[in-house]
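here is a sequence with its predicted model. Questions after.
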Amino acid sequence: MFNFLKRRQTSEAPENTAPEGTAPEETAPAGKAQSAEAAGPGEETAQTPASQEKAAEAEAVREEREAGAAPQTWPKIPPLNRISITGKKLSLPEDFPEERKAELGGIALEKTIAEESLKPLSLEELLFVTTVFAMHHAGQKTLEEREEQNSRTLHNELLDRVRGAGKFYCLYEKSTGYPLLDDGFVLLYLGRGHAEKAAELYRAQYRNPDVREFTDVNDFFNRLYFLGMERVLVDNGFYKGILGRGEMTAPPDALLQEGQTIQAAPRLCLAMVDVLQEVHWPVKYEKREEILRAKVSRMTQFAAATRFLLPVDVKKPEGHAAEGAADSEKVIPMQQGMQIRAPLLSVSRRLPPKEQGGEPQTVMEKMIPLYTDFYEYRKNMAPKEKLRPLAVQFRQIGPFLAQASGVILNAEGERITIRREKIEELLGGAAQGKPAGPAAAH
């Protein structure tokens, strides 16, 4: 039904070696305790000595906060993520002396955090101050106006650091060719050294990261919009910060006039990258197959509801002017009387060996190419001036499948194929591969 086509060879972990524990979806975030079941009406929950001790600690923290006192211990670099390797979570060694922590912590505990006090700090020092501030106010349901202003001051300084970065770095997964996602977060670094150290930790978790350098902040965050990647971790592996993609750039459709649309499928793109990253991760853990099936199901449901770009050679009805090369990226709608021909791409498919112990078989199949956006479309269709991007809903592709085995999504990107029988299942038997009207594939 599906074929997940590898872009590059990825490193393999030994078959009997895998991170321990469960997948991120089934694990509580680090630092957040699972909530206990609430007592029913009229029930009382007895406090154990342990719970009384925790309550006393919480009260002491509250009193310290109200008094503006420094905590007894300063925070340490948190683990990379929630994944355990041989019973341990990976983290980098602490490199801040306690004296420097005390100086930085003093900034976080100021009644009013001045912007000028943050400017001389390195990114790591800024994120340490932010961490201390967050810990100091942990447990508060709401912040007072002054505390809220301090929180905004810290966060705005982080945004300014990212916006003003002449160079910055992102971890990509070599096996997919897209940003490496950690629990849905893109991994961004303002220094190559930190990016390389974090990459080493991810390799210990059998990922295959590649450190890529970028210089155009707007282009980078605009690309994330089309990939559906809205959450970013800054300096993960060290003291880290969180920002949203929308805090850096407005969505590309923000300036569109009424009635205009932009070609994008962010939910589908994110789901495809998520599936590919899971498929190419050479580990075993409990319920992995179940989790992968759920991710594939979500991806296919998004695909069935998506509008794609289909490259076509169009012969317009009489009275319609032919389009020139300048219009090669002008999306055209389906019209009555159009004579349309869609290209077919040859895609290799590996079949299991016919006999036990035999070699796998490779066959070539013809697939209809569909693209989620112009970033993907341009990768191999832009130079072909005779082709035009036709806006087509997934449910409309049935007539083009007469000579095709299925479709391939983003042929130079995620390269996910959906075979005809799965398309028929998704469309309720509507895609029977019979041409309807003038539509055809070649």
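Done, it's in.

residue ranges with poor pLDDT in the stretch 251-400 of the chain?
316-328, 336-337, 382-385 (pLDDT under 70).

can you give me the helices in it?
In the stretch 251-400 of the chain, helices defined by DSSP state H, counting those that start in this stretch lie at 266-279, 288-304, 374-377, listed in chain order.

just send those helices back as CSV, with mean neighbour count and distance to E173 too.
Using the backbone N, CA and C atoms, a C-beta is placed for each residue, glycine as well. Below are the helices of the stretch 251-400 of the chain laid out as CSV (neighbours: other CB atoms under 10 Å; distance: least, CB to CB, whole Å):
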stretch, mean neighbour count, distance to E173
helix 266-279, 22, 6
helix 288-304, 16, 15
helix 374-377, 21, 17
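
would you turn those helices into CSV with distance to N218?
Formatted as CSV, the helices of the stretch 251-400 of the chain follow (distance: least, CB to CB, whole Å):
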stretch, distance to N218
helix 266-279, 17
helix 288-304, 27
helix 374-377, 14
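
out of these, the one nearest R82 is which?
Of all those, helix 288-304 sits nearest to R82, with 14.6 Å by CB to CB.

let's see that closest one as CSV, backbone CA atoms only.
Extracted C-alpha coordinates of helix 288-304, given in CSV (Å, rounded to 0.1, in the frame of the first residue of the first chain):
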residue,chain,number,x,y,z
ARG,A,288,6.3,0.7,18.1
GLU,A,289,4.3,-1.0,15.3
GLU,A,290,1.0,0.2,16.8
ILE,A,291,2.4,3.8,17.1
LEU,A,292,3.7,3.7,13.5
ARG,A,293,0.3,2.4,12.2
ALA,A,294,-1.4,5.3,13.9
LYS,A,295,1.0,7.8,12.4
VAL,A,296,0.5,6.3,8.9
SER,A,297,-3.3,6.4,9.3
ARG,A,298,-3.2,10.1,10.3
MET,A,299,-0.9,10.9,7.4
THR,A,300,-3.2,9.2,4.9
GLN,A,301,-6.3,10.9,6.3
PHE,A,302,-4.6,14.3,5.8
ALA,A,303,-3.6,13.3,2.3
ALA,A,304,-7.2,12.4,1.4
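
report the angle between that helix and helix 266-279.
Comparing the axes of helix 288-304 and helix 266-279 via axes from the mean of the first three to the mean of the last three CA atoms, to 10 degrees yields an angle of 150 degrees.

check which helices and strands helix 288-304 sits against.
Counting contacts by 3 or more CB pairs under 8 Å, 6 or more residues apart in numbering; DSSP states H and E, helix 288-304 packs against helix 266-279, strand 416-419, helix 420-426.

need these in CSV with distance to E110, can you?
Formatted as CSV, the helices and strands packed on helix 288-304 follow (distance: least, CB to CB, whole Å):
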stretch, distance to E110
helix 266-279, 39
strand 416-419, 51
helix 420-426, 57
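
and of the ones you listed, who's closest to G398?
Closest among the helices and strands packed on helix 288-304, using CB to CB: helix 420-426, at 7.6 Å.

what are the buried residues along the closest one?
420, 422-424, 426 (16 or more other CB atoms under 10 Å).

state the pLDDT value of N156.
Here the pLDDT value assigned to N156 is 98.

what's the neighbour count on it?
N156 has 13 neighbours, counted by other CB atoms under 10 Å.

SS state for it?
Look at N156: counting by DSSP: H, G, I helix; E, B strand; the rest coil, its state is helix.

ok, now which ones touch it?
By CB atoms under 8 Å, 6 or more residues apart in numbering, the contact list for N156 is empty.

picking up where we left off before, of all the helices of the stretch 251-400 of the chain, which one comes closest to E157?
Comparison of these against E157 by CB to CB identifies helix 266-279 as nearest, at 28.5 Å.

who does that closest one touch, helix- and strand-wise?
strand 2-4, strand 178-179, strand 181-182, helix 217-227, helix 288-304, strand 416-419.

can you redo these as a markdown table with distance to T372?
Below are the helices and strands packed on helix 266-279 laid out as a markdown table (distance: least, CB to CB, whole Å):
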| stretch | distance to T372 |
| --- | --- |
| strand 2-4 | 16 |
| strand 178-179 | 12 |
| strand 181-182 | 17 |
| helix 217-227 | 7 |
| helix 288-304 | 9 |
| strand 416-419 | 11 |
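
these: which one's closest to A195?
Closest approach to A195 among these is made by strand 178-179 (12.4 Å; CB to CB).

okay, now the sheet partners of the closest one, with direction.
Applying DSSP bridges to the sheet, strand 178-179 is found paired with strand 168-173 (antiparallel).

okay, the angle between the partner strand and helix 217-227?
Note on geometry: by the same axes, to 10 degrees, strand 168-173 and helix 217-227 are set 30 degrees apart in direction.

quick one: average confidence on strand 168-173?
What strand 168-173 shows for mean pLDDT is 98.

dump the residue contacts of S346.
Contact analysis of S346 by CB under 8 Å, 6+ apart lists 364-367.

closest one of those residues to A271?
Looking across the contacts of S346 and measuring by CB to CB, the closest to A271 is M367, at 19.5 Å.

strands of the stretch 1-150 of the chain, start to end?
Listed in chain order, the strands of the stretch 1-150 of the chain (DSSP state E, counting those that start in this stretch) span 2-4, 84-85, 88-89.

least reliable of those strands by average pLDDT, please.
Among the strands of the stretch 1-150 of the chain, strand 2-4 scores lowest, with a mean of 58.

domain ranges for the protein?
Following the assignment in automatic domain parsing, the chain carries domains at 63-163, 165-247, 308-441.

what's opposite M364 in the beta bridge?
S348.

ditto for V407
I368, I418.

and it, what does it touch?
By CB under 8 Å, 6+ apart, the residues touching V407 are 367-370, 397, 401, 417-418, 423.
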